[in-house]
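**Student:** This is a predicted model, with the sequence first.
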Amino acid sequence: MILKLKKGDIIVIIVAVCLFVFSVSLCFLLKKSGKQVRVYENNKLIFEGSLFSDTEIKLSHNLVAIKNGKVYMKKSDCKNQICVKTGMIENSRECIVCLPNKVIIEVE
Amino acid sequence: MFAEQGDNRSRIKSICIYSVLTVCCIVFGYIETLIPTALIAPGIKLGLANSVALMLIIFGDIKGAVLVNTARILLSAVLFGSLFSLLFSLCAGTASVAVCILVAKSKSVSAVGISIAGAVTHNTVQTAIAFFVLNKGVLFYLPILIISAIISGFVIAVISILVSKKLKSILSF
Ligand SMILES: [Zn+2]
């Protein structure tokens, strides 16, 4: 038998498992109480979901993408392209607006 | 362990041994990039290179472990990495060796405990840096990274114990 686990090894493993449990609950908290993304088109709520689950939302004239905890306007057929140039947002009360297509993305 | 005596022959021998060990680390690091473990989650590695530092710690050669580990990180960054990856691996690698040394001070810990403590530290520090520098989403990889660190830490410890038994006669005087 080459492996003789000592008392200290058990302690290290217990600490590591505690760290694992802690990180899982941290993820759970972040996902649950974490930031929500809302997408409106023509004043109607089209989408509501977590900022931390990557997805893409297709609207009639726009394409919204949620990736790595950030949300951005991936495509838009509007003339000014202000919404696309706004870039990525991630903080509460930030928003991206596409006036020509009446689309609002907000993080809360 | 090696260089304390101060006479030239043992100094030359220790320089040779450390160089060979560092090269082994770099080769291990390269071999690991061929195994697609990163498909499970980014950042998952077996950490074969750590077995060298761990072996030196088992032999009680703390200075050698720090030396070889730092040389490995700097050299692999120059050869395969970027300045950005250097920041990551230098922070995580140094923190991991520091924890290994601290844990190794306790007499009631074997190589298994040292290895797991080092691996878990490495992955946690790396995730923490990515969390603050890159994006908050990486936090969701932390649980799987900790579990993989426990498993790979255990495997690396077994490898190190086996290899250190074979190498003991070569590495000591
Ligand atoms: Zn627009």
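**Tutor:** Perfect, thanks for sending it. Being a predicted model, the structure only gives us computed values, none of them experimental. Residues are numbered from 1 along each chain as shown, chains lettered A, B, ... in the order given.
**Student:** Buried residues, whichever strand or helix holds B:Gly113. List them.
**Tutor:** When secondary structure is defined by DSSP states H and E, B:Gly113 falls within helix B:111-133. By 16 or more other Cβ atoms under 10 Å in any protein chain shown, the buried positions in helix B:111-133 come out as B:111-131. In this view, the C-beta of every residue, glycine as well, is placed from N, C-alpha and C.
**Student:** can it be found next to chain A?
**Tutor:** Yes: part of helix B:111-133 sits near chain A under the criterion Cβ under 8 Å from any Cβ of the partner chain, namely B:Val112, B:Gly113, B:Ile114, B:Ile116, B:Ala117, B:Val120, B:Thr124.
**Student:** Can I get these in JSON lines including pLDDT?
**Tutor:** Listed next are the residues of helix B:111-133 next to chain A as JSON lines, based on pLDDT from 0 to 100:
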{"residue": "B:Val112", "pLDDT": "91"}
{"residue": "B:Gly113", "pLDDT": "92"}
{"residue": "B:Ile114", "pLDDT": "92"}
{"residue": "B:Ile116", "pLDDT": "93"}
{"residue": "B:Ala117", "pLDDT": "94"}
{"residue": "B:Val120", "pLDDT": "94"}
{"residue": "B:Thr124", "pLDDT": "93"}
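**Student:** Which one of those is nearest to chain A?
**Tutor:** Chain A has its nearest neighbour among the residues of helix B:111-133 next to chain A in B:Gly113, at 3.7 Å by Cβ to the nearest Cβ.
**Student:** what sits against the closest one?
**Tutor:** For B:Gly113, the contact set (Cβ atoms under 8 Å, 6 or more residues apart in numbering or on different chains) comprises A:Lys6, A:Gly8, A:Asp9, A:Ile11, A:Val12, A:Ile13, B:Val103.
**Student:** Apply 7 Å and report the result again.
**Tutor:** By Cβ atoms under 7 Å, 6 or more residues apart in numbering or on different chains, the contact list for B:Gly113 reads A:Gly8, A:Asp9, A:Val12, B:Val103.
**Student:** Which residue is the nearest non-sequential neighbour of the second one?
**Tutor:** Residue nearest to A:Asp9 in three dimensions, not counting chain neighbours: B:Gly113, with 3.7 Å by Cβ to Cβ, 6 or more residues apart in numbering or on different chains.
**Student:** try the first one
**Tutor:** Distances taken as Cβ to Cβ, 6+ apart put B:Val109 closest to A:Gly8, at 3.2 Å, once the chain neighbours are dropped.
**Student:** again with the last one
**Tutor:** For B:Val103, the nearest residue in space outside its immediate sequence neighbours is B:Ala117; the separation is 4.6 Å by Cβ to Cβ, 6+ apart.
**Student:** Tell me the spacing between that neighbour and the ion.
**Tutor:** 52 Å (Cβ to the ion, to the nearest Å).
**Student:** quick one: that residue from A:Ile11, how far?
**Tutor:** Here B:Ala117 is placed at a distance of 10 Å from A:Ile11 (Cβ to Cβ, to the nearest Å).
**Student:** Likewise for A:Glu94?
**Tutor:** From A:Glu94 to A:Ile11 the distance is 45 Å (Cβ to Cβ).
**Student:** what's near enough to touch B:Val66?
**Tutor:** B:Val97.
**Student:** Secondary structure element holding it?
**Tutor:** B:Val66 belongs to helix B:62-79, assigned by DSSP H and E.
**Student:** helices or strands next to the following helix or strand past that helix in the packing?
**Tutor:** Once the chain leaves helix B:62-79, the next helix or strand it forms, by DSSP H and E, is helix B:83-105. Under the contact criterion of 3 or more Cβ pairs under 7 Å, 6 or more residues apart in numbering or on different chains; DSSP states H and E, helix B:83-105 touches helix B:50-58, helix B:62-79, helix B:111-133.
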